[in-house]
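Asks: Kindly return the folded structure for what I paste below:
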Amino acid sequence: MRCVLTTTTHRRRTVALCGAVLLATACGQSHGHTPQQLSEMIAETVRDSAGAGSLGLGIPDTAFDPARFACAPAVDPELPGGWRSQAPRAAVEDGEPVELGLSDTQGHSGTVTAAVTGPDGETALAEAALGEGEWIHLDYPDAFDGAELVPGVYTVVWSDTESGAPITCDGFEVE
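Replies: Predicted coordinates for the structure are as follows:
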């Protein structure tokens, strides 16, 4: 179909009709993918084009915001699951150990790593074995070699130890 404007046609009607025809033509041709498949393809393309240290994927430039109880940029979980993390939602007193937790409602098991970045920018690591359907808990700084607890905001990035795939991000604040 050709869309032609003449002196007797109404521009708005013609533009609307031409737009509808183009949309119907484009949407009528099937590409063979479901919306879920398209979403996964887009996410995979973004990950592949971004590189390991790029902004936007949450690693390594993610920072926890205690006012929003969220990390920005958010971690893009590369390991499927129903991940839940646990950290104090109120500022803790300096000197008290901080309990961090992780669980997967979809039954993932294996070794995970918690990378805690303190207010000074230093990162301490600890590993834990995650059982299917269970919570694991790590006390910061006790379970982390060379870690110190000082006032400020801490970012916790959980990842799969074997693959290095990021899982989720959380954090806490120390007064």
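
Asks: okay, CA-based contacts and neighbour counts for the rest of this
Replies: Fine.

Asks: Mind jotting down where the helices sit in the chain?
Replies: In the chain, the helices defined using DSSP state H lie at 11-28, 35-50.

Asks: Can you read off the pLDDT for residue 16?
Replies: If you check residue 16, the pLDDT there is 45.

Asks: To clarify, my last question referred to residue 13.
Replies: Looking at residue 13, the pLDDT reads 46.

Asks: Residue 54 too?
Replies: 35.

Asks: and the protein, what are its domains?
Replies: 11-49, 53-174 (automatic domain parsing).

Asks: Residue 84 against residue 106, yeah?
Replies: No. Here residue 84 does not reach residue 106: they are 10.5 Å apart, not a contact under C-alpha atoms under 8 Å.

Asks: Which one's more surrounded, the two?
Replies: residue 84 (15 against 12; other C-alpha atoms under 10 Å).

Asks: In contact with the closest residue to the more buried one other than its chain neighbours: list those residues for me.
Replies: Among residues not flanking residue 84 along the chain, residue 103 sits closest, at 5.3 Å (C-alpha to C-alpha, 6 or more residues apart in numbering). Residues in contact with residue 103 (C-alpha atoms under 8 Å, 6 or more residues apart in numbering) are 83, 84, 85, 130, 133, 134, 135, 136.

Asks: Relative to residue 71, which of those is nearest.
Replies: residue 85 (12.2 Å; C-alpha to C-alpha).
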